[in-house]
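Asker: Quick one, fold the following:
(one chain, ligands or ions: 1)
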Amino acid sequence: MKAIRIAMAGALTATALATFGASATATGPYPGPDRPQSIDQSLRDLGKRHDLRIGTAVDMSALANDATYRDMAGSEFSAVTAENVMKWEVLEPQRGTYDWTAADQLVAFARAHGQRVHGHTLLWHNQLPGWLTAGVADGSIDAEELRGLLRTHIIDVVSHFRGKIWHWDVVNEVIDDNAQLRDTIWLRQLGPGYIADAFRWAREADPRVKLYLNDYNIEGVNAKSDAYYDLVKRLRGDGVPVAGIGIQGHLGTQYGPPTNAPENFLRFDALGLETAVTEADVRSVMPIENPEISAQSHGFSLLLQACLITPRCVMFTVWGFTDRYQWVSGFFDGQGWAAPFDENFAPKPAYQQMRVDLALANGPRKRDR
Ligand code: XIL
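Answerer: Here you go, the predicted model:
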């Protein structure tokens, strides 16, 4: 452990200089009169100086049954996202019958803890209710009916939570890994116009909530983030109410870091969009060794720094803060260790690194463009 700490301290100095050296002034290498002298604060407190909400995805059964989880979710974070309970299959398990219970509980928890709620998600190709996918598959729900169902779903859900949601992921993962519109029931049945329609329906139901697209593998500059850049530019040109882009941030140490993440975040910002890191986690092939420990820390830090340097990056959310309740191990064979706290809720080097990043960065950012 000692060796890791020394190696990390060296890496930190180099990163800090590379990232912040350019803005040095006569007052020293890290200007900003209010820079905290100690990192012994929660992420949510350290984020305040940057007007940056630090969020976590919330697992509702952990929240109900595990007091440590509940305490940390409330004290460490200033935003929450429902890990599952605002998805269509949970909200409308039977056609025409909504179940708001768990989602409402999360909204109440957030309110009690001074947190904002990131809404996830109105339209996706996964976690759709069985009645819907079966109906499309057997032809009993045709394109026209499907369009009506989508419209009703979006309007009902956005109306139910009107005034309580900070931003909605209106569409989730609509571009595939070849940078094409993803082949889903939505694209097949409704054609590419469904994306603009979804945003307009959401706007109809809540005139104020911010509306986002959200996807993975768009952290750096690559073909998929290029496709998003073109898509949002086109949508905004057509007057579609897109306010922001959610960059999920599911990284894996086996792949190496994304290329030019700050440049990527900043190009969306230059379009006048908000950005947010919506689902950060950094997984590894198990068992982990020292290089993966350092790489995980670097991955979280790289995403957080890209956000901090981007004027309108408004939220940095981790997809589960503890390995005790984290989706990766159930989803990617032989992989895990993806959260900033381990399964005993002990902080990892990644957590300390994020605190240092928040303490070092200049604040507040200028958002007047
Ligand atoms: C995941 C949840 O974490 C799991 O509990 C669930 O079984 C599957 O979905 N991208 C997203 C999230 O937008 O909704 C996914 O969440 C993770 C990938």
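Asker: Report the secondary structure state of residue 287.
Answerer: coil (DSSP: H, G, I helix; E, B strand; the rest coil).
Asker: Could you do residue 37 as well?
Answerer: With three-state DSSP as the criterion, residue 37 reads coil.
Asker: Burial check on it, number of neighbours?
Answerer: Applying other CB atoms under 10 Å, we find 6 other residues in the vicinity of residue 37. All C-beta atoms are positioned from the backbone trio N, CA, C, and that covers glycine.
Asker: Next, it: phi, psi?
Answerer: phi -90, psi -10 (degrees, to the nearest 10).
Asker: What's the per-residue pLDDT of it here?
Answerer: Listed pLDDT for residue 37 reads 86.
Asker: In this structure residue 257 contacts residue 297, no?
Answerer: No: in this structure residue 257 lies outside contact range of residue 297 using CB atoms under 8 Å: 11.4 Å.
Asker: So for the two, which residue has more residues nearby?
Answerer: Set residue 257 next to residue 297 and count neighbours by other CB under 10 Å: residue 297 wins out with 24 against 17.
Asker: what residues are up against that one?
Answerer: Neighbouring residues of residue 297 by CB atoms under 8 Å, 6 or more residues apart in numbering: 8, 348-350, 352-353.
Asker: Same check on residue 175?
Answerer: Here residue 175 is in contact with 181-182, 215, 224, 227-228, 231 (CB under 8 Å, 6+ apart).
Asker: Highest neighbour count among those residues?
Answerer: residue 215 (24 neighbours).
Asker: Tell me the bridge partners for the residue in the stretch 151-300 of the chain that the ligand sits nearest to.
Answerer: Closest residue of the stretch 151-300 of the chain to the ligand, CB to the nearest ligand atom: residue 172 (5.1 Å). In this entry, residue 172 is beta-bridged to residue 214, by DSSP bridges.
Asker: quick one, what contacts it?
Answerer: By CB under 8 Å, 6+ apart, the residues touching residue 172 are 120-121, 123-124, 213-215.
Asker: Residue 120 against residue 80, yeah?
Answerer: No: in this structure, residue 120 is not within contact of residue 80 by CB under 8 Å, at 10.0 Å.
Asker: Show me what from the stretch 201-350 of the chain comes close to the ligand.
Answerer: 248, 279, 327 (CB under 6 Å from any ligand atom).
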